[in-house]
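In: no sequence on hand, only this structure:
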């Protein structure tokens, strides 16, 4: 095993990173965290800090289990692209080829209406083109989430039960077909239920549940033995938990149930995993689609997924990738060395999760980073700290 110095990291500066996170634990800013840095396929830095379960004092461990939330999306996106490689479907196909109810969708446009309770009403206009599989992968399908921010379309989502955790994937499709789109397909990046729709479509074309397909085609082949849509009873003592209340707002912190097999196997938010398991997934991508002799994707497909697919397409009001980043097929993609508020390199790609998980790959630096915690409101600050101090420790 090579040392951090042999892998191009300054040990002193990695110690600064460890110390800074330790201070955050002592100050009760976050309950605990796990971080892995790998270079050239070898782990250069591995650390677990703080408490896995702050209420009991159980210490964080390198094999602690984390709710991935939206870090599920890259895995579902890889599943969709595996089906492209097998000729099952093509990205230019309309979604209504698989869900006929998605034909002829309409777009909701808010217009002033003095007679309405809040002074506005929803007018419907026809979609100018069909929603495609390509749109689902890059979040340009015109869909949204009902649970973030407010709008009349989002109100319609909530009224229709689109954001319910007690629906099946197929019920999700039925409900989405009855509510208006938030944007014209292909015209605006908007974070959305798009990856959940992909998961539901994977079920339709494969005849398997999403969980079964992911397990048989991705998780088991990659040796991701701790990843799935729930944690079995024998391993539930390893689940990382947040504080009971947020240290800033004092509000109770609510996170998804990780113990019960879900009705809704949400391709966009449902998985639980460990840092080491997710490192295997990221290393497969870094290797051009193969890990330990198992190939899931071709190198060309990985490059296709991790290239920018937005170009001049408009960014919605809350563009999560951030300045300096475009978006590929499941990942935010850095457009240049500069332009972003965090350290990185042109071509690096990442995605993250609501409860605080974050993963990135920097092909130019042969680097993979994993940051895992369950502290929703503190996530942005510690993602930036993890990235910036990682690059500060690089020697080449």
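Out: Good, I have the coordinates. Just so it is clear, the model here is predicted, and its values are computed rather than measured.

In: ranges for the helices of the stretch 101-250 of the chain?
Out: For the stretch 101-250 of the chain, the helices defined by DSSP state H, counting those that start in this stretch occupy 133-138, 152-160, 169-176, 194-206, 210-214, 220-222.

In: can you list those in CSV and add distance to residue 367?
Out: C-beta coordinates here come from the backbone N, C-alpha and C atoms, glycine included. Listed next are the helices of the stretch 101-250 of the chain as CSV, based on distance: least, C-beta to C-beta, whole Å:
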stretch, distance to residue 367
helix 133-138, 24
helix 152-160, 38
helix 169-176, 35
helix 194-206, 25
helix 210-214, 26
helix 220-222, 20
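
In: as CSV, those helices with mean pLDDT, distance to residue 96 and mean neighbour count would be great.
Out: Formatted as CSV, these follow (pLDDT from 0 to 100; distance: least, C-beta to C-beta, whole Å; neighbours: other C-beta atoms under 10 Å):
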stretch, mean pLDDT, distance to residue 96, mean neighbour count
helix 133-138, 98, 11, 24
helix 152-160, 94, 19, 17
helix 169-176, 97, 11, 19
helix 194-206, 98, 11, 23
helix 210-214, 98, 20, 22
helix 220-222, 98, 32, 16
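
In: tell me which of those lies nearest to residue 264.
Out: helix 169-176 (6.9 Å; C-beta to C-beta).

In: what's the closest one in contact with?
Out: 99, 101-102, 143, 160-162, 167, 193, 196-197, 199-200, 203-204, 210, 264-267 (C-beta atoms under 8 Å, 6 or more residues apart in numbering).

In: that helix: how far from the chain's middle?
Out: Centroid separation for helix 169-176 versus its chain: 21 Å, with C-alpha atoms, centre = their mean, to the nearest Å.

In: swap in stretch 44-64?
Out: 22 Å.

In: and it, which residues are buried?
Out: Under the neighbour-count criterion of 16 or more other C-beta atoms under 10 Å, stretch 44-64 has 44-45, 47-54, 58, 60, 64 buried.

In: now, among those residues, which is nearest to residue 129?
Out: residue 64 (45.1 Å).

In: surely that closest one and residue 51 touch.
Out: No: using C-beta atoms under 8 Å, residue 64 is not in contact with residue 51; the gap is 9.9 Å.

In: who touches both of these two?
Out: residue 32.

In: what does the longest strand anywhere in the chain rub up against?
Out: Ranked by residue count and defined by DSSP state E, the top strand of the chain is strand 42-53. Here strand 42-53 makes contact (C-beta under 8 Å, 6+ apart) with 1-2, 4, 7-9, 14, 17-18, 21-22, 25, 30-38, 57-62, 64, 238-241, 279.

In: what do you get for stretch 200-218?
Out: 75-76, 78-80, 82-83, 88-89, 95, 98-99, 133, 136, 169-170, 172-173, 199, 224, 228-229, 265, 267, 271, 281, 296.

In: confirm that residue 266 sits in a strand.
Out: No: secondary structure of residue 266 (DSSP: H, G, I helix; E, B strand; the rest coil): coil, not part of a strand.

In: so what's the residue nearest to residue 269 when sequence neighbours are not counted up against?
Out: Once flanking residues are discounted, residue 269 sits nearest to residue 69: 4.9 Å by C-beta to C-beta, 6 or more residues apart in numbering. Counting by C-beta under 8 Å, 6+ apart, residue 69 makes contact with 256, 269, 353-355, 357.

In: also residue 191?
Out: When contacts are taken as C-beta under 8 Å, 6+ apart, residue 191 is in contact with 139, 144-145, 148, 316, 318, 320.

In: now with 10 Å?
Out: Neighbouring residues of residue 191 by C-beta atoms under 10 Å, 6 or more residues apart in numbering: 70, 73, 139, 143-145, 148, 268, 316, 318-321, 327.
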